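Undergrad: Only the shape, not the letters, is given here:
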């Protein structure tokens, strides 16, 4: 299936339609890249929240990927002591997950075991004709898949910490869209997984903030509300041109003065109401923001608040996304 934009002109004669003249455009790429951006934004939003579990983040992301590619089933396996263990596999049969849990990495240990051992991607177009699956051929026969692609997820030291696997019911190679999505997924999943040392109770840390900053085109920020220190990551410079202010604290007023004059009061009031309400955890707003060149960008902002037990706001972490092109 492809996405089509269809424009039609009706040719009439004496008020009666007699002919249609039209133009059909394939706009699949626009839909695909837009959807992929939204999926990545959800992953990054989840990763900077104060309380969450790595399993929930990864499972939600894989489910979104599967919606983008409906004939695909995805999984992420953690590597521990030279063996592989399921971290998230929302659509794979439980019996299959149980069968592969604990398999040692190595040559000809399926797609994931081989990818983890070699530290390189393994594209098994047809597992029934692939020697890397020869010792595990009963698994695809039993669970009905024919292609399995696996990509290693590396930490900062170049060590394999997990693998991303994609399964298909029929033999196939990655197409252009799939290759692009997998490359992005491999990079983002590596960033997220390697920075979550405590898988049960994830706390926001400066390391996580800085690493995620480098993995996204959005402008990630960290606002210490008590000190009024607002720090933007590298995306702030890339999007809006204020490279001299990247990773340097500024006051909130410096950010506020760049909002369009017609909207600054509404933004200020909305933010103040949000901060004052101890029940609120997430703030969303769209407004125009002045770039360094003087032009205004349309911006979508999403922020997550950290409060003390009495509801007092102490820290806010979020992102600004330039939606001007959209």
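TA: Great, that's in hand. Treat the numbers as computed from the prediction; the structure is a model and nothing was measured. Numbering: from 1, shown residues only.
Undergrad: What is the subsequent helix or strand relative to whichever strand or helix holds residue 302?
TA: For residue 302, the element it lies in under DSSP states H and E is strand 296-307. Per DSSP H and E, the first helix or strand lying C-terminal to strand 296-307 is strand 313-322.
Undergrad: other SSEs contacting that next one?
TA: helix 28-47, strand 219-224, helix 234-240, strand 282-290, strand 296-307 (3 or more CB pairs under 8 Å, 6 or more residues apart in numbering; DSSP states H and E). Every residue, glycine included, has its C-beta placed from N, CA and C.
Undergrad: on that earlier part again, now do the strand holding residue 302, average pLDDT.
TA: In this model, strand 296-307 has an average pLDDT of 90.
Undergrad: what's the spacing between it and its chain's center?
TA: Offset of strand 296-307 from its chain centre (CA atoms, centre = their mean, to the nearest Å): 17 Å.
Undergrad: Just the buried residues of that strand, please?
TA: Within strand 296-307, the residues scored as buried using 16 or more other CB atoms under 10 Å are 297, 299, 300, 301, 302, 303, 304, 305, 306, 307.
Undergrad: In contact with the last one, which residues?
TA: Read that as residue 307. Residue 307 makes contacts with 278, 313, 314, as judged by CB atoms under 8 Å, 6 or more residues apart in numbering.
Undergrad: Identify the residue spatially nearest to the first one, adjacent ones excluded.
TA: Spatial nearest neighbour of residue 278, excluding adjacent residues (CB to CB, 6 or more residues apart in numbering): residue 311 at 2.6 Å.
Undergrad: Please apply the same query to residue 6.
TA: With CB to CB, 6+ apart, the residue lying closest to residue 6 is residue 24, at 5.1 Å.
Undergrad: That neighbour and residue 4 touch, don't they?
TA: Yes - using CB atoms under 8 Å, residue 24 is in contact with residue 4, at 5.4 Å.
Undergrad: Buried only: go through the contacts of residue 307 for me.
TA: By 16+ other CB under 10 Å, the contacts of residue 307 give residue 313 as buried.
Undergrad: Which of the contacts of residue 307 sits closest to residue 84?
TA: Distance to residue 84 across those (CB to CB) is lowest for residue 314, with 40.2 Å.
Undergrad: what angle sits between the helix or strand containing residue 12 and helix 28-47?
TA: Using DSSP H and E, residue 12 maps to strand 4-13. Counting by axes from the mean of the first three to the mean of the last three CA atoms, to 10 degrees, strand 4-13 lies at 140 degrees to helix 28-47.
Undergrad: Give the pairing partners of strand 4-13; include direction for each.
TA: strand 16-26 (antiparallel) (DSSP bridges).
Undergrad: Now do the SS call for the closest residue to residue 280 other than its chain neighbours.
TA: In this structure, residue 280 finds its nearest non-sequential neighbour in residue 274, 5.2 Å apart by CB to CB, 6+ apart. Using DSSP: H, G, I helix; E, B strand; the rest coil, the structure places residue 274 in helix.
Undergrad: Residue 274: neighbouring residues, count only.
TA: 18 (other CB atoms under 10 Å).
Undergrad: I'd like the distance between it and residue 165.
TA: 41 Å (CB to CB, to the nearest Å).
Undergrad: rewinding a little: now the helices and strands packed on strand 313-322 in TSV, with distance to residue 172?
TA: Converted to TSV, the helices and strands packed on strand 313-322 look like this (distance: least, CB to CB, whole Å):
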stretch	distance to residue 172
helix 28-47	17
strand 219-224	36
helix 234-240	35
strand 282-290	39
strand 296-307	36
